[in-house]
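Student: Build me a model from this:
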Amino acid sequence: MIRSLVLGGVAAAAIIAVAAGASMAGDDRGRSVASDQCVSRPLDTTKVIDDKTLYMDDRHGHAVLLHMSGSCMNDSNEAIQLEYTGGSTRICSPMDVEVTGNAVTTQTRCFISSVEALTPEQAAAYRARR
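Tutor: Reported below is the predicted structural model:
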């Protein structure tokens with residue numbers, strides 16, 4: 001009987017692991033953009049879209065959305081702190097920049113799950129949003 005319970009537990013753990021892997025396969029985590037789609041300093045516009053999304057474009061016409069793994073920005077008028085990592089001035093992947101927003105009245109480090117490149121039309125639509 002104990003052997004049946006152990007085997008049943010192992011089978012259940014295997015099913016959970018497969019299900020978790022399948023759900024993460026469609027996840028954005030760790031996704032980067034191609035090197036010709038990166039934004040670089042000097043940035044032209046940064047705009048908080050919602051509590052998990054930050055829009056950025058540069059003076060070269062490139063635009064991206066940074067998708068955060070959780071809520072870290074509450075107000076579209078708040079100041080967002082950007083700290084480039086590794087001496088780079090480009091944002092191509094979640095590891096290229098650290099973003100700090102304000103959750104209520106406390107500064108909160110944002111964890112970037114993905115960087116999404118935008119077409120010029122998509123960028124124009126985000127810039128026009130208030």
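Student: Then Y126 would be within a helix, right?
Tutor: Yes - the assignment for Y126 (DSSP: H, G, I helix; E, B strand; the rest coil) places it in a helix.
Student: So which bits of stretch 56-76 are buried?
Tutor: Within stretch 56-76, the residues scored as buried using 16 or more other Cβ atoms under 10 Å are 56-58, 62-68, 72-73. In this view, the C-beta of every residue, glycine as well, is placed from N, C-alpha and C.
Student: tell me the SS of the residue most central in space within the chain?
Tutor: Centroid-nearest residue in the chain: H67, 2.8 Å away (criterion: Cα atoms, centre = their mean). Using three-state DSSP, the structure places H67 in strand.
Student: Look up how far A128 lies from the closest residue to it other than its chain neighbours.
Tutor: Closest residue to H67 apart from its sequence neighbours, by Cβ to Cβ, 6 or more residues apart in numbering: S114 at 4.7 Å. Distance of S114 to A128, computed by Cβ to Cβ, to the nearest Å: 23 Å.
Student: out of the two, which sits in the more crowded spot?
Tutor: S114 (19 against 7; other Cβ atoms under 10 Å).
Student: wait, that one sits on I91?
Tutor: No - taking Cβ atoms under 8 Å as the definition, S114 is not a contact partner of I91, at 11.7 Å.
Student: Overlap of the contact sets of those two?
Tutor: Residues touching both S114 and I91 by Cβ atoms under 8 Å, 6 or more residues apart in numbering: L66.
Student: Contacts only, for the residue nearest to the centre of the chain.
Tutor: So H67 contacts 28, 52-53, 112-116 (Cβ under 8 Å, 6+ apart).
Student: before we move on, what SS does V48 have?
Tutor: Taking three-state DSSP, the label given to V48 is strand.
Student: for the protein, what spans make up the helices?
Tutor: Along the chain, the segments classed as helices by DSSP state H run 2-25, 120-128.
Student: Low-confidence stretches in this protein?
Tutor: The chain contains residues with pLDDT under 70 at 1-30, 103-105.
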